[in-house]
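K.L.:
next input, structure requested:
(one chain, ligands or ions: 1)
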Amino acid sequence: MSEENKEINEAPQNEETSVKQKIVTKGLSDLSPIRIVRYALIFLCVLLLIGIWFRIKPASSPSVTPEEEETAEASAEPAPLPTELTDPASVTVLVNKTHSLPADYVPANLVTPYVLSISDVIQVNELAADQLKAMVNAANESGVTLYLTSGYISYETQDDYFNDRAGMVGEAEANKVIAKAGYSEHQTGLAFDFSDNASGTATTVAFAETEAGKWLIEHAWEYGFIMRYPDGKEAVTGYSYQPWHFRYLGTDVAKAMHDIAPDLTMEEYYQVN
Ligand SMILES: [Zn+2]
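P.N.:
Numbering: from 1, shown residues only. Below you'll find the predicted structure:
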């Protein structure tokens, strides 16, 4: 008896061992047709699984890529701003170094408010007039002297202001504290400057430490006003700290902003530049 036949005869009770030995020692030629069919089926199953895997893999990658491309396109080209931020007549119109007003825009509803002010010719947007009056009166009634020093400023007057300042300190320096014509919130009639004295000389950061400045920081939002250029937000607003300059946005928006953070800017609240 040969060594190979001996192995087959001695291990009939262990089929698997027998098969392995046959594969190793005699090759596929000695396998029974049933076993060949079994291996063929296993082989086909493996091929099927590989096929399924390749089918799923390419299908999943392209389905993600177009979404990413759409997102990239969307962020590259920002959506247009809502009307409440672009309409010059809107109480929340956004005016900053990116978004300007038409040169010929004059609010249709300018009024002269009866409040303590350094001049009786200051005009304001009627949308803010009642709350401005309520705020200045409340401050003065609580023993804090608060004067209105500036409200509506026309495009032409703003142009004079900017050119005067630029002539003194250069355009770049002037641009940090004063807006170019068309880029000033004062042209909306919804922005206001305050002082604690009748001469109106409080347009410095020291105003924040006066009783009037402190009162405004604490209470302006209750009347619908926000400090438009807070300390430390120069990179957001484009302007240095101006504790005397407040913007009327209405009581709902001012409260919502104050609830998030007392020094939140319009740009941050509306997530715009
Ligand atoms: Zn101002």
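K.L.:
skipping its backbone neighbours, what lies nearest the residue in the stretch 1-150 of the chain that the ion sits nearest to in space?
P.N.:
For the stretch 1-150 of the chain, the residue closest to the ion is S150, as judged by CB to the ion, at 5.7 Å. For the C-beta atoms, the positions are set from N, CA and C on the backbone; glycine is no exception. Using CB to CB, 6 or more residues apart in numbering and skipping residues adjacent in sequence, the residue nearest S150 is D193, 3.9 Å away.
K.L.:
tell me the helix or strand right after the helix or strand where the one you found lies.
P.N.:
Using DSSP states H and E, D193 maps to strand 191-195. Downstream of strand 191-195, the next assigned helix or strand under DSSP H and E is helix 211-219.
K.L.:
hey, what's the angle from that next one to strand 191-195? Just curious.
P.N.:
Angle, helix 211-219 to strand 191-195, by axes from the mean of the first three to the mean of the last three CA atoms, to 10 degrees: 140 degrees.
K.L.:
who does helix 211-219 touch, helix- and strand-wise?
P.N.:
Judged by 3 or more CB pairs under 8 Å, 6 or more residues apart in numbering; DSSP states H and E, the packing partners of helix 211-219 are helix 126-141, strand 191-195, strand 225-227.
K.L.:
would you list the ones you listed in CSV and tack on mean pLDDT, distance to the ion and mean neighbour count?
P.N.:
Formatted as CSV, those follow (pLDDT from 0 to 100; distance: least, CB to the ion, whole Å; neighbours: other CB atoms under 10 Å):
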stretch, mean pLDDT, distance to the ion, mean neighbour count
helix 126-141, 96, 13, 18
strand 191-195, 96, 4, 26
strand 225-227, 98, 11, 24
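K.L.:
would you turn the ones you listed into JSON lines with distance to S119?
P.N.:
Output for the helices and strands packed on helix 211-219, formatted as JSON lines (distance: least, CB to CB, whole Å):
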{"stretch": "helix 126-141", "distance to S119": "14"}
{"stretch": "strand 191-195", "distance to S119": "11"}
{"stretch": "strand 225-227", "distance to S119": "20"}
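K.L.:
ok so, going back, so how far is the strand holding D193 from its chain's centroid?
P.N.:
Distance of strand 191-195 from the chain centroid (CA atoms, centre = their mean, to the nearest Å) equals 27 Å.
K.L.:
for stretch 121-130, same thing?
P.N.:
Using CA atoms, centre = their mean, the offset of stretch 121-130 from its chain centre is 30 Å.
K.L.:
give me phi/psi at the residue in the chain positioned nearest to the ion?
P.N.:
At 3.7 Å from the ion, H245 is the closest residue in the chain, using CB to the ion. Phi and psi for H245, reported as degrees, to the nearest 10, are phi -100, psi 120.
K.L.:
give me the number of residues near it?
P.N.:
Other residues within reach of H245 by the criterion other CB atoms under 10 Å amount to 20.
K.L.:
from what I see, it and Y229 are in contact.
P.N.:
Yes: taking contacts as CB atoms under 8 Å, H245 lies within contact range of Y229: 5.9 Å.
K.L.:
sorry, back to before: what pairs with the strand holding D193, parallel or antiparallel?
P.N.:
strand 147-150 (antiparallel), strand 245-248 (antiparallel) (DSSP bridges).
K.L.:
would you put the C-alpha positions of the first one in PDB?
P.N.:
Extracted as PDB, the C-alpha positions of strand 147-150 are listed here (Å, rounded to 0.1, in the frame of the first residue of the first chain):
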ATOM      1  CA  TYR A 147     -28.300 115.200  26.400                       C
ATOM      2  CA  LEU A 148     -29.000 114.200  22.800                       C
ATOM      3  CA  THR A 149     -26.100 115.600  20.700                       C
ATOM      4  CA  SER A 150     -26.800 114.100  17.300                       C
END
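K.L.:
and the contacts of it?
P.N.:
Here strand 147-150 makes contact (CB atoms under 8 Å, 6 or more residues apart in numbering) with 113, 115-119, 122, 132, 136, 186, 192-198, 200, 202-203, 212, 244.
K.L.:
tell me which element the closest residue to L94 other than its chain neighbours falls in.
P.N.:
By the measure of CB to CB, 6+ apart, the closest residue to L94 outside its immediate chain neighbours is L85, 4.2 Å from it. Using DSSP H and E, L85 sits within helix 83-86.
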